[in-house]
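[1] please find the sequence and the predicted model below.
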Amino acid sequence: MATYNKRGYKPKTKAEKVVEEEIDVKDSTTAEVFASLDEGASKTEEWVEKNQKGIFGVIIGILVIALGYMAYGKFIKEPKIAEAANELTAAQENFTTALETTNTNVKDSLYLVALNGAGGKFGLLDIADKYSGTPSANLAHYYAGMSYLEIKDYKNAIGHLQDFSSSDMMLGPLAKGAIGDAFMQLDQAEQALDYYEQAFKLNKNEFTTPRFLFKAAVAAIDLGKNDVAVNYLNRIKDEFKDSDYASQVDLYLGRAQAGN
């Protein structure tokens, strides 16, 4: 049978045929993708329906944990912090009384009161133990360590001061330096030097830095580390010439240089 083309009809080029085939393939692929997505969605819905009890259980569990944490902070942690701060006030007053007294016969007794408490009030040791994790317990370790240092119980002083941590520009270095003092009293100059160095490196200021540079130099001389001592003493001379320790620098420089 004869074939004919409409007027104006142009046979499709090879390129046009290729494009049409690609469009057909794309349409087919797109249809398959949507069909796959529909099938996946249906399976997801079925899975959710079958496991919704477990899903809700997990969500409820997360909510319970979150609410529990908030309740702990509001009804347990915050009251505990406030109670600890209240207890620490009396213990701090006892510590201050012991620190400021000029009566050496009762000084140690007053430090023991600060440590152990009196008159129904907790002492520093109780506060550090019962309110562990609070800022007041942390401070209680500091005051307890200083109290033990004053009554010459150096091992307990070291223990409590090592449990204390602070970024305060004074308390941090003072605690590290006090540990150094305790080690010096125990004739452990190597450990003392380490803590003195930690103390003066923590925060540079006109009070604690020359103090612990000087003590580090003395410990270094004791250990025969005279070059280290000379370095620290010269730092006092150059950087802290107005400090209370500057007047002693030349004497100890002489000792350190004589030992070289």
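    Done, it's in. Residues are numbered from 1 along each chain as shown.
[2] how about the helices in the stretch 101-250 of the chain?
    Assigned by DSSP state H, counting those that start in this stretch, the helices in the stretch 101-250 of the chain fall at 104-116, 124-130, 135-150, 154-162, 171-185, 189-202, 208-222, 226-239, 249-258.
[3] select, out of these, the one closest to Glu78.
    Ranking the helices of the stretch 101-250 of the chain by proximity to Glu78 (C-beta to C-beta) places helix 135-150 first, at 12.1 Å. Just so you know, the C-beta spots here come from the backbone N, C-alpha and C atoms, and that holds for glycine as well.
[4] what angle sits between that closest one and helix 154-162?
    150 degrees (axes from the mean of the first three to the mean of the last three C-alpha atoms, to 10 degrees).
[5] helices and strands around helix 135-150, which ones?
    helix 78-100, helix 104-116, helix 124-130, helix 154-162, helix 171-185 (3 or more C-beta pairs under 8 Å, 6 or more residues apart in numbering; DSSP states H and E).
[6] adding mean pLDDT, write those out as CSV.
    What follows is the helices and strands packed on helix 135-150, written out as CSV (pLDDT from 0 to 100):
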stretch, mean pLDDT
helix 78-100, 89
helix 104-116, 94
helix 124-130, 96
helix 154-162, 98
helix 171-185, 97
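[7] so which of these gets nearest Asp250?
    Each of the helices and strands packed on helix 135-150 has some distance to Asp250 by C-beta to C-beta; the shortest is helix 171-185, at 22.2 Å.
[8] what is that closest one packed up against?
    helix 135-150, helix 154-162, helix 189-202, helix 208-222.
[9] avg pLDDT for the first one?
    For helix 135-150, mean pLDDT rounds to 96.
[10] pipe the helices and strands packed on helix 171-185 into a markdown table and attach mean neighbour count and distance to Tyr245 per row.
    Formatted as a markdown table, the helices and strands packed on helix 171-185 follow (neighbours: other C-beta atoms under 10 Å; distance: least, C-beta to C-beta, whole Å):
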| stretch | mean neighbour count | distance to Tyr245 |
| --- | --- | --- |
| helix 135-150 | 23 | 20 |
| helix 154-162 | 19 | 22 |
| helix 189-202 | 21 | 11 |
| helix 208-222 | 24 | 4 |
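[11] I'm done for today, thanks for sticking with me.
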